[in-house]
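Novice: Based on what follows, work out the 3D shape:
(chains A and B)
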Amino acid sequence: MSELLSGAIAFALGCYAVASVLVLVRLVRGPRAQDRVLALDLLYFHAMLVLLVLGIRHRSDVYFEAALLIALFSFVSSSAMAKFILRGEVIE
Amino acid sequence: MNPVPFSIETLVAGLLVLSGLFVVISAIGFLCLSDFFVRMHPPALAYTFGSWCVTLAGILYFSTLESRAVLHPWLIVILLSVTVPVTTVLLARVALFRRRVARAADTPPPLSPPRGA
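Specialist: Reported below is the predicted structural model:
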C-alpha cells in the first residue's frame, strides 16, 4: 500500500471522527427529540463508513458484512424511534 | 492478490478524501443550521455522496486486488437508497406532527380537509 493511499485513509478516518464529534454536539444539544433521532442515525452511518474504509485498509472482506448489518440496524432503530415519537408506541 | 497499480490507488485515495470532505461538510451543516426542517437536508449529502464515494473506492480497490469484478459493495448503496428516504420522511412527519400539537405559529396547514367537514 502506497503512502498516498494510507494517507488518504487516515484523512478519511479523521474526517469521520470530526464529523461524529460535531453530530454528537447536536445529539447532546438538540432542542427536540427528532434532532436526536437524526443525530443517532448519522452516528450509525459514520460507523458504517469507518468500517468500509477499514476494510480497504486491512484488505479484508469481513468488514463489509458488519457495515451492512449496521446499515440495517440504523434503519430499524431510527424508524422505530420515529414511530414511537409519533404515536407513543412502536407497534399498535 | 495482485499488486494494485499506482493510478488505481490514486483514484481510490481521491474517492476516500472526497467522501471524508462530504461527510464533514454535512456534519457542519447539521450542527449550524437553525431549524429542523432546514437541518434535515445536509445529511442527504453524506448519505448519497459519502456512501457512493466509499463504495466506489471499495469496488475499484478489491476488483483490482482480486482481478475479478467485486460488486457486492453495491448492496450497501442499494440498501441505503431504499431505507434513507423512509427514515427522512418519517422524521419530517414527526417534526410536523409535534409542531401541530404544540400549536406553533408558523405551522403549515394540512393539505387534506379535516375529516367530517
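Novice: who are the neighbours in contact with the residue nearest the centre of chain B?
Specialist: For chain B, B:Tyr47 is the residue whose C-alpha lies nearest the centre (CA atoms, centre = their mean; 1.0 Å). Neighbouring residues of B:Tyr47 by CB atoms under 8 Å, 6 or more residues apart in numbering or on different chains: A:Phe45, B:Leu80, B:Val84. The C-beta positions use only the backbone N, C-alpha and C, and glycine is treated the same way.
Novice: does the second one really touch A:Ala71, like I thought?
Specialist: Yes - the pair B:Leu80 and A:Ala71 qualifies as a contact (CB atoms under 8 Å) at a distance of 6.2 Å.
Novice: Run a quick neighbour tally on the residue lying closest to B:Pro5 once chain neighbours are set aside.
Specialist: Counting by CB to CB, 6 or more residues apart in numbering or on different chains, B:Thr64 is the residue found nearest to B:Pro5 once chain neighbours are left out, at 7.2 Å. B:Thr64: 19 surrounding residues under other CB atoms under 10 Å in any protein chain shown.
Novice: Now residue 33. Nearest residue, chain neighbours left out?
Specialist: Went with chain A since none was named. A:Ile85 (5.4 Å).
Novice: hm, I was asking about chain B
Specialist: Setting aside the residues directly before and after it, B:Leu33 is nearest to B:Arg39 in space (CB to CB, 6+ apart), at 4.6 Å.
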